[in-house]
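1. Generate coordinates for the sequence data below:
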Amino acid sequence: MDWSDSWRGAFRIELRAEAMGLAWRGWPVLPGTYPTGSQWAGRDGVEQTGPVPVHRDWVDRVGTKPEQVAAWWTGRRYSLLVATGYVVDAIEVDAELGRRVASVLRTTGVPVPIAATPAGKWMFLVNSGQELSAELAGRGDVVLHGLNSWIPLPPTPFQHGVVHWRVKPEVCGWSLPDSQVVQEALVEATRPDHVGEMLGTSAQRLVAADSF
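-> Numbering: from 1, shown residues only. Now for the predicted structure:
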């Protein structure tokens, strides 16, 4: 992304405001590295394909008070990370599977916060503390971010865009669902008959579009 000085300043303020808002709600916010051209700034000696915590002792900083969180973003536009395994966990899948899971959740009427990265990853935010079921644990396309992990949240910048909300936490009243809700939707979304139904619906839409 091409950052002018004025845009960098405005973006840092937005990141700081979002970080403070999450910290006031008790979410374990952490500053993360941020892109500068093809590199990531904020922490030396770490090979990165995405943001990582700036502080090597980040585990000891979990639960930092909002006032200190605000100070972290005073001078630099750090990425906005949240440590998982304390208040929030995240189930990460690719965008295609994410859309199918979101479709299943819509039919059940259960709102779940969903963040998406420019790299095509969808993260479903849930209450912390529950492991993946045996049915999902063996899948390479399903990743649980729990204890000793973290996730980037909006508006964290990447080289080619920013992390954004597909479903904001406000939709859920900031009440995170049980992990089992998303896991059951994942199982449903990966059933062959559900995948076939989704493909059939997409084909019908294409035919309808071509008729106009």
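2. hang on, residue 186 packs against residue 142?
-> Yes. Between residue 186 and residue 142 a contact is recorded at 6.5 Å, counting by C-beta atoms under 8 Å. (C-beta placed from N, C-alpha, C; glycine too.)
3. who's more crowded, the two?
-> residue 186 (25 against 20; other C-beta atoms under 10 Å).
4. show me what contacts the more buried one?
-> For residue 186, the contact set (C-beta atoms under 8 Å, 6 or more residues apart in numbering) comprises 91, 93, 97, 101, 136, 142.
5. could you redo the last one with a cut-off of 7 Å?
-> Shown in contact with residue 186 (C-beta atoms under 7 Å, 6 or more residues apart in numbering): 101, 136, 142.
6. Let's see which of the residues you listed end up in helices.
-> 101, 136 (DSSP state H).
7. Is it possible to get TSV of the contacts of residue 186 that adds pLDDT and distance to residue 40?
-> As requested, these are arranged in TSV below (pLDDT from 0 to 100; distance: C-beta to C-beta, whole Å):
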residue	pLDDT	distance to residue 40
101	97	29
136	96	30
142	97	26
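8. of all the contacts of residue 186, which comes closest to residue 21?
-> Closest approach between those and residue 21, by C-beta to C-beta: residue 101, at 26.3 Å.
9. follow-up on the earlier one: identify the contacts common to residue 186 and residue 142.
-> residue 136.
10. How many residues are close by residue 80?
-> Neighbours of residue 80 using other C-beta under 10 Å come to 27.
11. Dump the contacts of residue 186 to a markdown table, plus distance to residue 72.
-> A markdown table is the format used below for the contacts of residue 186 (distance: C-beta to C-beta, whole Å):
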| residue | distance to residue 72 |
| --- | --- |
| 101 | 33 |
| 136 | 35 |
| 142 | 32 |
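12. Could I get the contacting residues of the nearest residue to residue 169 once chain neighbours are set aside?
-> Once flanking residues are discounted, residue 169 sits nearest to residue 113: 4.4 Å by C-beta to C-beta, 6 or more residues apart in numbering. Applying C-beta under 7 Å, 6+ apart, we find residue 113 in contact with 125, 167-169, 172, 176.
13. and the gap between residue 113 and residue 154?
-> Distance, residue 113 to residue 154, by C-beta to C-beta, to the nearest Å: 11 Å.
14. Among the contacts of residue 186, which one sits closest to residue 44?
-> For these, the minimum distance to residue 44 (C-beta to C-beta) is 32.7 Å, reached by residue 142.
15. List the contacts of the closest residue to the closest one other than its chain neighbours.
-> Leaving aside its sequence neighbours, residue 142 sits nearest to residue 136 (C-beta to C-beta, 6+ apart; 5.0 Å). Listed by C-beta under 7 Å, 6+ apart, the contact partners of residue 136 are 142, 183, 186-187.
16. how near is residue 136 to residue 92?
-> Taking C-beta to C-beta, one finds residue 136 at 12 Å from residue 92.
17. Tell me who's in contact with the nearest residue to residue 146 once chain neighbours are set aside.
-> Of all residues beyond its chain neighbours, the one nearest residue 146 is residue 85 (4.6 Å), with distances taken as C-beta to C-beta, 6+ apart. With contacts defined as C-beta under 7 Å, 6+ apart, residue 85 is in contact with 128, 146-149.
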